[in-house]
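Chemist: Predicted model, plus sequence, below.
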Amino acid sequence: MTSPRAPYLLRLAERLSGGLGSMDAERKARHRNWILSQQKKDGGWGGRLGDSDLYYTSFAVRGLGMLDGMSEDECSRVAGYLRKFDWRSLGVIDLMNWLYTVLAVQAFGGEDLLAGTDPDWPQQIARKLEALRREDGGYAKSELGARGSTYHSFLVTLTYELLGMQPPNPKGLIQFVYDHQRDDGGFVEIALAKHSGTNPTAAAVGTLLIVGGFDGELRSDVREYLQSTWSAEGGFQANLRIAMPDVLSTFTGLLTLQDLEIDDLVSERSIERFLVEWLEFPPGGFRAASWDQEADVEYTFYGLGCLALLWSR
């Protein structure tokens, strides 16, 4: 089934880019230069330790996309890194990151890395995704997984959208998501978990919004749960057992509130103060939380993303 509108990830990228349009040029340049300074010789990006990988490369490219896009030379370097991979051998997380980054490079005027590949490559990817479908209606992290995962089901849904499709049997996927809701209104990552989390809740809501299974009652449930994880420090906690807010949970919590048009729960001024005073480094980059010591490209994406969401209103 073909999606009637642009994929969620592409719409989000446009929204974030527009939101950062009001950032002053000097501040934008500092973050852009910091991200580029973290690029490795092979054209990819990595975490704080180790070599380049598709996960961090995707976050770096998405961050650059918010910061006025990529030049022809920058696209060429990233394309050289992406060319090393055969998508047929990638797991679901790497596959989604590879596919999104390939499309981003092409959108910024770079090489079309899918040119010349098998004409039925979308169907081949779909078959790989369906190998992860489980009897509970969700998608597992890998072919060895016995049960579906809320987060990986969301990733599979996003990947289907990038292919111009929706997952087969959406009713089964919708039921899987609702089976992962708990009495506090939030959602868990795996069926055996008892305690909801901000990020699984955001993944559940994102999946339901894409496949068309969002129930009106769910809005108040999610509002109640996110209110419980909102911190007076100005961000969202990952869950109620973690006392301090972090930038990832703040991004997913804020994005969920905006997607559900819940405007009366948080102080946007407090979020911006939390980001600027505690997480943003003057030379560029963001850290995960106040306890963290250094920036990386993933948390820089989330920090910039939070500012973009605040300023896109």
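Modeler: Great, that's in hand.
Chemist: rest of the way, CA atoms for contacts and neighbours
Modeler: Will do.
Chemist: Can you show me the helices along the stretch 151-300 of the chain?
Modeler: Counting by DSSP state H, counting those that start in this stretch, the stretch 151-300 of the chain has helices at residues 170-179, 198-211, 216-229, 247-259, 268-274, 297-311.
Chemist: Of all those helices, which one is nearest L49?
Modeler: The closest of the helices of the stretch 151-300 of the chain to L49 is helix 297-311. By CA to CA, the value is 12.2 Å.
Chemist: and the direction of that closest one versus that of helix 247-259, what angle?
Modeler: Computed by axes from the mean of the first three to the mean of the last three CA atoms, to 10 degrees, the angle separating helix 297-311 from helix 247-259 equals 30 degrees.
Chemist: What lies in contact with helix 297-311?
Modeler: 15-20, 22, 35, 38, 47, 56, 59-60, 62-63, 66, 247-248, 250-251, 254-255, 268, 272, 275, 279-280, 285-288 (CA atoms under 8 Å, 6 or more residues apart in numbering).
Chemist: can you list the residues that contact the host helix or strand of K28?
Modeler: Assignment of secondary structure by DSSP states H and E places K28 within helix 25-37. Residues outside helix 25-37 that contact it (CA under 8 Å, 6+ apart): 60, 63-64, 67, 283-285, 297.
Chemist: Can you select the buried ones from the contacts of helix 297-311 in PyMOL?
Modeler: Applied in PyMOL, the following selects the buried portion of the contacts of helix 297-311 according to 16 or more other CA atoms under 10 Å:
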select buried, resi 15+16+17+18+19+20+35+38+47+56+59+60+62+63+66+247+248+250+251+254+255+268+272+275+279+280+285+286+287+288
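Chemist: next helix or strand past the helix holding K28?
Modeler: Immediately after helix 25-37, counting by DSSP H and E, sits helix 54-66.
Chemist: List the buried residues of the helix or strand just after that following helix.
Modeler: With elements assigned by DSSP H and E, the helix or strand that comes after helix 54-66 is helix 72-82. Residues of helix 72-82 classed as buried by neighbour count (16+ other CA under 10 Å): 74-79, 81-82.
Chemist: and if you look at stretch 172-184?
Modeler: 173-174, 176-178, 180-182.
Chemist: do the same with stretch 207-217
Modeler: Using 16+ other CA under 10 Å as the test for burial, stretch 207-217 gives 207-208, 210-211, 213-214.
Chemist: Columns distance to L162 and pLDDT on top of the residues you listed, output as CSV?
Modeler: Converted to CSV, those look like this (distance: CA to CA, whole Å; pLDDT from 0 to 100):
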residue, distance to L162, pLDDT
T207, 14, 97
L208, 16, 97
I210, 12, 96
V211, 14, 95
G213, 19, 90
F214, 21, 90
